[in-house]
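Chemist: My questions are about this predicted structure, shown below with the sequence.
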Amino acid sequence: MTEETSSPWQGWRTAAESALYGSDGFYRRPEGPAGHFRTSVHASPLFAEAVARLLCRVDEALGRPGSLAFVDMAAGRGELVGGVLAALPAEVAARTRAYAVEIAGRPEGLDERIAWLTEPPQQVSGLLFANEWLDNVPVDIAEVDSAGVPRQVLVRQDGAERLGEPVGGAEAEWLARWWPLPAEEGLRAEIGLPRDEAWAAAVSSLDRGLAVAVDYTHTLDARPPFGTLTGFCAGRETAPVPDGSCDITAHVALDACAARGSVRMLPGARLLPQRDALRALGIAGTRPPLALASTRPAAYVRALASAGEAAELTAPGGLGDFGWLLQPVGIADALVG
């Protein structure tokens, strides 16, 4: 159904796009994402250190090129890219070209080595890292009506919803393949096709290297029956209202992104929990030996604090449950090493 321009009812994708990224959108606020929710980047500098180790492994796999790219997708206010640069060995940092990709303006005081872009640079070699980006790529919502037909969910700016036309075309094909809905009234799905396309475009910006997406996720064998659409504001979960007052997010079907429209994941692509990825990068959360407390008490306190931060990053039921999608481009799996 084509809505009249004057109609207050829109599909969720259009409504969320305006609410998040319009001229007065949520992501253009000066406080940035850190003012409203805590990601792995904000939880501990250990996360940036782990990403820096991964970049070093990509560097090795690329043969230590003269120019090594680090691309931070949805960079917020540059917290991750700044932390990665600070954690790199001096020799690697000297060859690294750092890019922050974000629609908001460049924050004051950002390291001058970081290029601030609205789109990823093209045909670079290195690591593209998308931490909690895809969950904010807006998608349309489907809901099964009383006749068992999946229909597009329309929404007003105040968050009220109603059902629109049946889902058709490429979106119906995506649902059939990646989120088939039983004919039971009220069941919902988030149609992840725009995320697949966004991820494919991001991966294609690499000439060689590794693309990584980190996000809330679910897979085909365990899709949530009523979807995951929600809002966040000032550190609290809220109703998703597309008026610019809150973040609007939904978990990501990373398995579909990995396939990028195919029926199988592309060669080399793999999914794993954050806890496994970070452990492979040296973030284990192991408590220091108690004997250290008596011989080097200051070192023990530092090690204990670090172990606590690592435990938070890898905790089951928390940040450790995030999914990592790794897509090598022209190199071997850089996480192994």
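Modeler: All right, it came through fine. Numbering: from 1, shown residues only.

Chemist: CA only for contacts and neighbour counts going forward, please
Modeler: Will do.

Chemist: and Tyr99, how far is that from Arg113?
Modeler: Distance, Tyr99 to Arg113, using C-alpha to C-alpha, to the nearest Å: 9 Å.

Chemist: With neighbour numbers in mind, choose between the two.
Modeler: Relative neighbour count places Tyr99 above the other of Tyr99 and Arg113, with 24 against 14, counting by other C-alpha atoms under 10 Å.

Chemist: In terms of secondary structure, what does the helix or strand containing that one contact?
Modeler: Per DSSP states H and E, Tyr99 falls inside strand 96-101. For strand 96-101, the packing partners by 3 or more C-alpha pairs under 8 Å, 6 or more residues apart in numbering; DSSP states H and E come out as strand 68-73, helix 79-87, strand 114-117.

Chemist: And those: which comes nearest Thr14?
Modeler: In terms of C-alpha to C-alpha, the element of these nearest to Thr14 is strand 68-73, at 21.3 Å.

Chemist: Give me the residues contacting the closest one.
Modeler: For strand 68-73, contacts defined as C-alpha atoms under 8 Å, 6 or more residues apart in numbering pick out 55, 59, 80-81, 95-102, 120-121, 124-131, 133.

Chemist: As a check, name the ranges of all helices in the stretch 201-337 of the chain.
Modeler: 254-259, 274-280, 291-295, 297-314 (DSSP state H, counting those that start in this stretch).

Chemist: And the residue nearest to Gly318 when sequence neighbours are not counted, how far from Trp324?
Modeler: Leaving aside its chain neighbours, Gly318 sits nearest to Glu312 (7.4 Å; criterion: C-alpha to C-alpha, 6 or more residues apart in numbering). As for Glu312, its distance to Trp324 is 16 Å (criterion: C-alpha to C-alpha).

Chemist: Look at the two and report which has more neighbours.
Modeler: Taking neighbours as other C-alpha under 10 Å, Glu312 and Trp324 compare with Trp324 leading, 24 against 18.

Chemist: and the more buried one, bridged to which residues?
Modeler: Counting by DSSP bridges, Trp324 forms beta bridges with Val214, Leu272.

Chemist: from what I can see it touches Val212, true?
Modeler: Yes: shown here, Trp324 and Val212 form a contact pair, counting by C-alpha atoms under 8 Å, at 6.6 Å.

Chemist: Tally up the residues packed near the nearest residue to Asp111 once chain neighbours are set aside, please.
Modeler: Of all residues not flanking Asp111 in the chain, Gly82 sits nearest, at 7.0 Å (C-alpha to C-alpha, 6+ apart). By the measure other C-alpha under 10 Å, the count of residues near Gly82 is 19.

Chemist: right, and Gly82 touches Gly109 too?
Modeler: No: here Gly82 does not reach Gly109: they are 11.1 Å apart, not a contact under C-alpha under 8 Å.

Chemist: Need the residue closest to the centroid of this protein.
Modeler: Residue closest to the average C-alpha location in the chain (C-alpha atoms, centre = their mean): Glu132, at 2.4 Å.

Chemist: Could you pull up the residues touching that one?
Modeler: The contact partners of Glu132, by C-alpha under 8 Å, 6+ apart, come to Thr39, Ala74, Ala213, Val214, Asp215, Tyr216.

Chemist: could you redo the last one with a cut-off of 10 Å?
Modeler: Contacts for Glu132 (C-alpha atoms under 10 Å, 6 or more residues apart in numbering) come out as 39-40, 73-75, 213-216, 249, 251-252, 322.

Chemist: repeat for Gly330
Modeler: Contacts of Gly330 (C-alpha under 10 Å, 6+ apart): Ala61, Leu62, Ser125, Leu206, Asp207, Arg208, Gly209, Leu210, Gly268.

Chemist: Now for those: which two are most distant?
Modeler: Spatial extent of the contacts of Gly330 (C-alpha to C-alpha) is set by the pair Ser125 and Gly268 at 17.0 Å.

Chemist: thinking again about what came up before, write the PyMOL selection for whichever of the contacts of strand 68-73 are buried.
Modeler: The following PyMOL line selects those of these that are buried, judged by 16 or more other C-alpha atoms under 10 Å:
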select buried, resi 55+59+80+81+96+97+98+99+100+101+102+120+121+124+125+126+127+128+129+130+131+133
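
Chemist: Skipping adjacent residues, who's closest to Val203 in space?
Modeler: Distances taken as C-alpha to C-alpha, 6+ apart place Ala211 nearest to Val203, at 6.0 Å, with adjacent residues excluded.

Chemist: where does this structure dip in pLDDT?
Modeler: For the chain, residues meeting the criterion pLDDT under 70 lie at 1-6, 31-38, 261-267, 285-294, 296-311, 319-320, 336-337.

Chemist: contact partners of stretch 223-238?
Modeler: 12, 26, 33-38, 135, 139, 141-143, 178-182, 186-191, 216-218, 239-242, 245-253.

Chemist: cutoff 8 Å now
Modeler: With C-alpha under 8 Å, 6+ apart as the test, stretch 223-238 has contacts from 35-38, 179, 186-190, 218, 239-241, 245-251.

Chemist: Check which residues of stretch 323-337 are buried.
Modeler: Gly323, Trp324, Leu325, Leu326, Gln327, Pro328, Val329, Asp333, Ala334, Leu335.

Chemist: Quick one: distance of it to the chain centre.
Modeler: Remark: stretch 323-337 is offset 16 Å from the chain centroid, using C-alpha atoms, centre = their mean, to the nearest Å.
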